[in-house]
Structure formats: structure tokens, C-alpha cells
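**Student:** here you go, sequence then predicted model.
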Amino acid sequence: MLSPEDAQLLAQALAQVIPLRGRQRVTHTKPAPPIRFQRRQAAVSEPDGFPLSDGDTSGQAQVLESFHRSGISSETLRRLKRDSHTVRETLDLHGLNRDQARLSVAHFVNAAVQQGVKRVRIVHGQGFGSTHGGALLRQQTRHWLTQMPDVLAFVGAPAQDGGKGAVLVLLRST
């Protein structure tokens, strides 16, 4: 309940307000619910029974900057990178070891596809805190994504969305 003084101040502040009528009114739609994702223990297998193999873990392998399946154009990759601000779902792998990250990526992609999400961001970091002296999760995450049939393409994120420490992923529609 407002005191009489506060009510008078509010009335003065709102005296110049003109209410919007009819077509000038904006109605906001409710945003899509976030992906309900829970990290699993390392003993849990990857979804759909497909195991994700590790690539070269020596830290000497070439890191894929982008990937696309046949039928996906390079223009689609450019659009994915250009429209990175439309990506709403993100998985952050910071602090996870390789086994935890593998399972998290597999479950995250599977959950996103089941919920009809087309674009996701996976933040793997740049490897500054790695005990292996390189960006192991960066390399492995991109290797795992190439093995997943639900992943149509991926591209490195622009600087404002994580740069070399993140990847934008295009998923198939259900």
C-alpha cells in the first residue's frame, strides 16, 4: 500500500503517460524453455548407444575450425557464424575432464535435438589451464561432434561469443 505522499508522486510522474491503444500495443511471446540438461557420471554411456572415440590426444593434431556434412553449403556455415546471437542454448565444459566432457557433449546434443533446438554453442575453453599444455578439449570436442549423426555442421564462434574457446553447432531437425 502506498502512502499518500508516494501516491501523489506516482500520479505526478504518470501524468504525461499516454496509454497505447489497439495495434500500437506490443505483445511479448514467452521464450522457449531452456534445455533441461543434467551432467551424468562417467559410468553412463553416450546416448543412442554410439560410443564417441577420442582423436589424437598428444596435442599435436590439427584442430578442425569448421565441419559440414555433404549437402550443407559453406553459406550455411557463414550464416551460422553471422547469426551467432540467435543461439540460446550453451554447454560450458570448463572444469571437466575428457571423459566428463565427452558424456556432457553427447547428452547435450541429444537433448537439444529431442527438444527441436537447431543451433547450440559449446564452450570448451582455449586450453590455458590444461595440464597437457594444449587445447585438448577444444580438439576433442570438435572430433566428437564429427562423429555425431545429429550434427550437421559446426564453426568456430566469433570473438564476442567465445572465439577460439567455443564452437557453434548446427543440429538436424527432428
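**Tutor:** Yep, it's here.
**Student:** which stretches of the chain aren't confidently modelled?
**Tutor:** Along the chain, segments meeting pLDDT under 70 span 22, 24-26, 32-63, 127-135.
**Student:** how about the strands in the chain?
**Tutor:** For the chain, applying DSSP state E gives strands covering 66-68, 89-92, 119-123, 151-156, 166-171.
**Student:** grab the longest helix from the protein for me.
**Tutor:** helix 98-114 (DSSP state H).
**Student:** and the angle from that one to strand 119-123?
**Tutor:** Going by axes from the mean of the first three to the mean of the last three C-alpha atoms, to 10 degrees, helix 98-114 is angled at 170 degrees with respect to strand 119-123.
**Student:** most tightly packed of the strands of the chain?
**Tutor:** Highest mean neighbour count of the strands of the chain: strand 166-171, a mean of 25 (counted as mean count of other C-beta atoms under 10 Å). Just so you know, the C-beta spots here come from the backbone N, C-alpha and C atoms, and that holds for glycine as well.
**Student:** who's in contact with it?
**Tutor:** 72, 76, 80-81, 84, 87, 109, 112-113, 117-124, 141-142, 145, 150-157, 161 (C-beta atoms under 8 Å, 6 or more residues apart in numbering).
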